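S.K.: 3D, please:
(one chain, ligands or ions: 1)
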Amino acid sequence: MTSQRTFVIVGASLAGAKAAETLRAEGFDGRIVLIGAEPVRPYERPPLSKEYLRGEAEAPPFVHGEAFYDEQQIELVVGHAVTRLRADEARVELDDGRTVDFDAALLTTGAEPRALPVPGADLEGVYLLRSLQDSDAIAARLQEGGRVVIVGAGWIGCEVAASARQKGLEVTVIEPQSAPLERVLGAELGGFYARLHSSHGVDLRLAEGLARFEGDGRVRAAVTSSGDEVPCDFVLVGIGVAPRTALAAEAGLAVDNGVLTDARLQTSAPTVFAAGDVANAEHPFYGTRVRVEHWANALEQGPAAARAMLGADSRYELLPFFFSDQYDSGMEYRGHMPEGYDEVVFRGDVDSGEFIAFWLKGDVVQAGMNVNVWDVGDDVEALIRSRARVDRGALADPDTPLQQLAASGGSATR
Ligand code: NAP
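M.R.: A predicted model of the protein is given here:
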């Protein structure tokens with residue numbers, strides 16, 4: 001090793017691990033310290049609510065093999081939290097008293113699942129799902145069968161409901177909105193997911209809150225806001241996450257719905273960068289800050305931040321992307337709708353379960369989601385990026401190539 005520089009990555013997550021990998025791939029030969037509070041090496045989360053949860057995977061979804069970190073001379077510190085970031089002194093402090101001085105630091109601290117503030121939420125058998133350990137615990141309950149109540153029909157709630165039905169459990173989902181995934185996808189696609197889950201035997205209690213859990217030490221029932229008692233053997237709460245910003249805030253970094261960064265992922269402290277769920281980053285395409293809580297963002301922003309730490313002058317401008325698999329329905333979503341949408345246009349037959357949905361604001365496509373239709377992602381992305389004014393009939397017509405729509409129609413200004 002010739003460089004004397006030290007780069008510290010706080011958060012042994014997907015974003016953190018990919019950043020470390022990229023630093024070496026780009027030729028950085030200084031010291032890399034990757035620190036994580038969990039007792040295991042970095043892993044990916046998407047399988048934790050899907051195949052890994054159902055016991056279909058041979059091994060945990062680690063980002064790298066065990067030998068990778070030694071081979072790459074990356075100092076992986078697991079099982080220890082960073083308790084303090086001193087941006088002014090360029091130093092982090094760990095929970096065991098160790099300190100590491102850095103030339104640049106990357107915050108990939110992710111997000112914390114929200115707990116449900118109702119009586120009985122601390123009973124045994126009430127689970128959150130965020131970590132590998134959480135997934136292992138819930139997987140063991142799925143193996144036992146029985147009845148599960150899921151609170152929240154967001155991504156975690158929907159994917160675990162599907163996995164639990166696939167394992168043969170009785171599933172009740174309690175969600176305050178009138179459709180699953182409604183806040184992200186709107187009522188039209190929320191309705192699609194409501195029908196998907198109902199048709200697979202999920203008891204959906206929509207527009208319904210959760211008042212309390214009952215049990216004697218161990219949860220036995222969930223009581224809804226309207227007073228229905230739903231007996232259960234265990235509960236999963238999936239009601240969203242909050243970005244872990246405490247270290248950044250205490251260090252005096254600018255924080256507002258995440259750690260604020262510019263398009264290079266640099267925070268308000270010049271030697272500190274942020275990536276993944278925790279980063280609220282300037283997005284050149286949208287001209288505003290965007291914080292994305294999905295796998296693809298961690299996968300891509302970690303490397304982008306690593307390149308910025310090495311001095312690259314590149315801006316992170318990939319469109320938000322995520323995917324989900326529920327039962328035999330797979331989908332990919334691209335785009336972002338900071339100002340909402342006016343209308344959804346469908347290409348294909350929604351009832352057949354194979355279609356593309358486009359969200360429009362005015363005549364311009366803001367987001368697209370392909371459901372059991374594949375190899376269209378690049379075209380959907382190009383259409384969004386074109387900001388072309390589209391004809392709704394042509395957009396709905398599978399015989400009109402999406403490239404043609406992107407190339408025609410005159411681009412709208414933002
Ligand atoms: P989420 O997708 O934000 O969904 C949370 C759901 O819980 C929403 O439907 C929300 O409704 C509902 N909710 C909020 N407060 C509630 C309450 N008091 N009682 C009942 N329901 C309530 O969050 P998540 O499902 O917990 O997932 C956690 C994180 O993992 C998210 O960042 C998510 O994006 C990510 N994730 C992504 C994927 C994927 O990309 N496929 C899969 C799994 C997890 P409101 O909208 O009304 O608040």
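S.K.: ok, and for the helix or strand hosting A221, which residues are buried?
M.R.: Element membership of A221 [criterion: DSSP states H and E] is strand 219-224. Neighbour-count burial for strand 219-224, counted by 16 or more other C-beta atoms under 10 Å, picks out V219, R220, A221, A222, V223, T224. Every residue, glycine included, has its C-beta placed from N, CA and C.
S.K.: Stretch 376-391 now?
M.R.: 376-377, 379-381, 383-390.
S.K.: Can you give the contact residues for it?
M.R.: 285, 319, 321, 332, 334-335, 356, 358, 360, 362-368, 370, 401-403, 405-414 (C-beta atoms under 8 Å, 6 or more residues apart in numbering).
S.K.: which of those count as buried?
M.R.: Neighbour-count burial (16+ other C-beta under 10 Å) applied to the contacts of stretch 376-391 gives 285, 319, 321, 332, 334-335, 356, 358, 360, 363-368, 370, 402, 405-406, 409.
S.K.: In this structure, what residue comes closest to the ligand?
M.R.: Residue of the chain nearest the ligand, by C-beta to the nearest ligand atom: G154 (1.7 Å).
S.K.: In contact with that residue, which residues?
M.R.: Per C-beta under 8 Å, 6+ apart, neighbours of G154: P180, L181, R183, V184, G238, I239, G240.
S.K.: Helices of the stretch 1-150 of the chain, start to end?
M.R.: For the stretch 1-150 of the chain, helices defined by DSSP state H, counting those that start in this stretch occupy the ranges 14-25, 68-71, 132-144.
S.K.: hey, which of these is tucked in deepest?
M.R.: helix 14-25 (a mean of 25; mean count of other C-beta atoms under 10 Å).
S.K.: So which other helices or strands are in contact with that one?
M.R.: strand 6-10, strand 31-36, helix 295-309 (3 or more C-beta pairs under 8 Å, 6 or more residues apart in numbering; DSSP states H and E).
S.K.: Looking at these, which is nearest to D96?
M.R.: strand 31-36 (11.0 Å; C-beta to C-beta).
S.K.: Which neighbouring elements make contact with the closest one?
M.R.: strand 6-10, helix 14-25, strand 74-78.
S.K.: Name only those of the contacts of G154 that count as buried.
M.R.: P180, L181, G238, I239.
S.K.: what phi and what psi does the backbone show at the third one?
M.R.: Taking degrees, to the nearest 10, you get phi -130, psi 80 for the backbone angles of G238.
S.K.: isn't it right up against V148?
M.R.: No: with contact defined as C-beta atoms under 8 Å, G238 does not count as touching V148 (11.6 Å).
S.K.: before we move on, back to that, dump the helices of the stretch 1-150 of the chain into a markdown table; add distance to A296 and mean pLDDT as well.
M.R.: Formatted as a markdown table, the helices of the stretch 1-150 of the chain follow (distance: least, C-beta to C-beta, whole Å; pLDDT from 0 to 100):
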| stretch | distance to A296 | mean pLDDT |
| --- | --- | --- |
| helix 14-25 | 10 | 98 |
| helix 68-71 | 21 | 98 |
| helix 132-144 | 20 | 98 |
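S.K.: burial of the residue lying closest to Q133 once chain neighbours are set aside, as a residue count?
M.R.: Spatial nearest neighbour of Q133, excluding adjacent residues (C-beta to C-beta, 6 or more residues apart in numbering): E38 at 7.5 Å. Look at E38: counted by other C-beta atoms under 10 Å, it has 18 neighbours.
S.K.: Quick one: residues contacting E38.
M.R.: So E38 contacts A12, V78, G79, S131, L132, Q133 (C-beta under 8 Å, 6+ apart).
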